[in-house]
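J.: Sequence below, structure please.
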Amino acid sequence: MPGNRGKTSLKTSHRNAHPMRDFDRLPKELRHWVSHAKLPWRSKTVQVKYDQALRKTGSPKAALAELDRIQDKLVSKDTRRLWGEAHPEAAN
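T.: Take a look at the predicted model:
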């Protein structure tokens, strides 16, 4: 799929939404996390994953760490598919 996402094997889709408005509605710590994320997260997706992690851990800091873990797992999965097991990111 052409665009600014580069080469990826992860699922992509088009949505009729207001991404900037949705981003602005995220809590401050979550906006900061998304702005430094390795992947282009949808605001709704990151909010749902954060809420799940927050219920599970009870701590905002631990919930953000869980988002990091989820993201690293997705990056590793995509790296293995695109560049193979020998790539350094594939080991994570």
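
J.: worst-scoring helix or strand of the protein, pLDDT-wise?
T.: helix 19-24 (a mean of 88; mean pLDDT, DSSP states H and E).

J.: name the helices or strands packed onto that one?
T.: helix 28-35, helix 43-57 (3 or more CB pairs under 8 Å, 6 or more residues apart in numbering; DSSP states H and E). Backbone N, C-alpha and C define where each C-beta goes, glycine included.

J.: Arrange those helices in TSV, one row each, with mean neighbour count, distance to residue 22 and mean pLDDT as further columns.
T.: TSV is the format used below for the helices and strands packed on helix 19-24 (neighbours: other CB atoms under 10 Å; distance: least, CB to CB, whole Å; pLDDT from 0 to 100):
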stretch	mean neighbour count	distance to residue 22	mean pLDDT
helix 28-35	15	10	95
helix 43-57	15	4	96
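
J.: Of the ones you listed, which is nearest residue 85?
T.: Residue 85 sits nearest to helix 43-57 of all these, at 26.7 Å, using CB to CB.

J.: Contacts for the closest one, please.
T.: 17, 19, 22-23, 25-26, 30, 33-34, 37, 60, 62-64, 66-67, 70 (CB atoms under 8 Å, 6 or more residues apart in numbering).
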